[in-house]
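> With the sequence up front, the predicted model follows.
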Amino acid sequence: MENNINEIDKNLLNEITDFDKIKSGAYNIRKNGQGIERKVTENINIVTKKDKPGIDIYIKENTKFEFVHIPVIITESGLNDLVYNDFYIGKNANVIIVAGCGIRNDHHKNSQHDGIHRFYLEEGAKVKYIEKHYGEGKGDGKRILKPVTEVYLQEGSSLEMESTQIKGVDSTIRETKGELGKNSNFVVTEKIMTNGIQFAKTIFDLKLNGENSSTHVTSRSVATENSKQYFISKIYGNSKCFAHSECDAIIKDNSTVTATPEITANSVEANMIHEAAIGKIAGEQIIKLMTLGLTEKEAEEKIINGFLR
């Protein structure tokens, strides 16, 4: 792997995943629109798509506690990378999938990655999906990310998704769609931080179709300076089900956060809850930490880091 990965690449990979752990299981590394490294295992196969850019990942039934890493890095300014990745998770499998994108842009043209990930979980399958997004670089070209995640859960399956965007992304529109079958469960934890004039928009569109299906969506965000964030959550209870959506945000300076909840009960047995809280850091929190010897700035940073943990 080292022959195709330089120090800049390693640093980007370490921001979105643990570089040393990539080798422990199946993986596919994509750089500047091309696959550069791949490894498959006895239970996990990765196949290049023939009709469009991207890969198909096949995980055998009853596969237990294996890892799949599919990071993307972009170091070429002006590149617009589009990729389609489909995951087929076999019956009763239990795996961890680590994805994400790191962009370094040192020049004047915009660099963008659009990753469309679709998950098909068979009966009883369990997946933990970790996705991190990160940007850096000295150029004034923008770093743009537009991830789309689609989840299709069959009876008794579950997917836990952790999505994190903490630094360096100028613009992002994040879409998550899901269709949940009987006794399935979808848990999402999202963390976003924006500053400067950055823009972030999150859209959830989930359909709880199966009896006793459930979802819990949690979004935590911090907006500072002149950045703008939008949170849109649409959840449809089409049967006996449970849904809980919550958006918590901290705002500073001239930033704005807009939360738009939409929960629709199409069954009298649907139990659906939405909560939203947006506000600045409480002054008493800062004062309490300052009495312990922290400066005001250090106190704010500690509160923010704890909030996004």
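It's in. Numbers count the residues shown, from 1 in each chain.

> Now do the helices in the stretch 201-309 of the chain.
283-290, 296-308 (DSSP state H, counting those that start in this stretch).

> Which one of those helices lies nearest to Gly115?
helix 296-308 (22.2 Å; C-beta to C-beta). All C-beta atoms are positioned from the backbone trio N, CA, C, and that covers glycine.

> which residues does the residue positioned nearest the centre of the chain bridge with?
Taking C-alpha atoms, centre = their mean, the centroid of the chain lies closest to Ser163, which sits 2.7 Å from it. When assigned by DSSP bridges, Ser163 has beta-bridge partners Glu131, Glu190.

> got it, and Arg38?
Bridge pairing for Arg38 - DSSP bridges - gives Asn28.

> what's the answer for Met272, then?
Ala243.

> mind checking how far it is from Lys177?
18 Å (C-beta to C-beta, to the nearest Å).

> now the strands for the stretch 201-309 of the chain?
213-223, 228-237, 241-251, 256-265, 270-279 (DSSP state E, counting those that start in this stretch).

> which residue sits closest to Val67, ignoring its sequence neighbours?
Actually, residue 67 is Phe. It isn't Val. Gly25 (3.5 Å; C-beta to C-beta, 6 or more residues apart in numbering).

> The residue lying closest to Ile278 once chain neighbours are set aside: neighbour count?
Distances taken as C-beta to C-beta, 6+ apart put Ala249 closest to Ile278, at 4.5 Å, once the chain neighbours are dropped. By the criterion of other C-beta atoms under 10 Å, Ala249 has 22 neighbours.

> residue contacts, Ala249?
Ser219, Arg220, Ser221, Val222, Ala223, Gln229, Phe231, Val257, Ala259, Ala277, Ile278, Gly279 (C-beta atoms under 8 Å, 6 or more residues apart in numbering).

> which of those lies closest to Gly196?
Once C-beta to C-beta is applied, the member of those that ends up nearest Gly196 is Ala223, at 10.6 Å.

> hang on, the earlier thing: go through the helices of the stretch 201-309 of the chain and name the closest to Ala99.
Counting by C-beta to C-beta, Ala99 lies closest to helix 296-308 out of these; the figure is 19.5 Å.

> Now do the strands in the stretch 51-200 of the chain.
54-59, 64-69, 72-74, 80-89, 94-104, 111-121, 126-136, 143-145, 148-153, 158-167, 171-180, 185-194, 199-208.

> Check which strands are paired with the second one and give the direction for each one.
Each strand that strand 64-69 pairs with, and the sense of that pairing, follows from DSSP bridges: strand 26-31 (parallel), strand 94-104 (parallel).

> Quick check: mean pLDDT of that strand?
The pLDDT scores in strand 64-69 average 96.

> Can you give the contact residues for it?
Contacts for strand 64-69 (C-beta under 8 Å, 6+ apart): 17, 21-22, 24-29, 41, 43-44, 46, 57, 59, 93-99.

> Cool, thanks, signing off.
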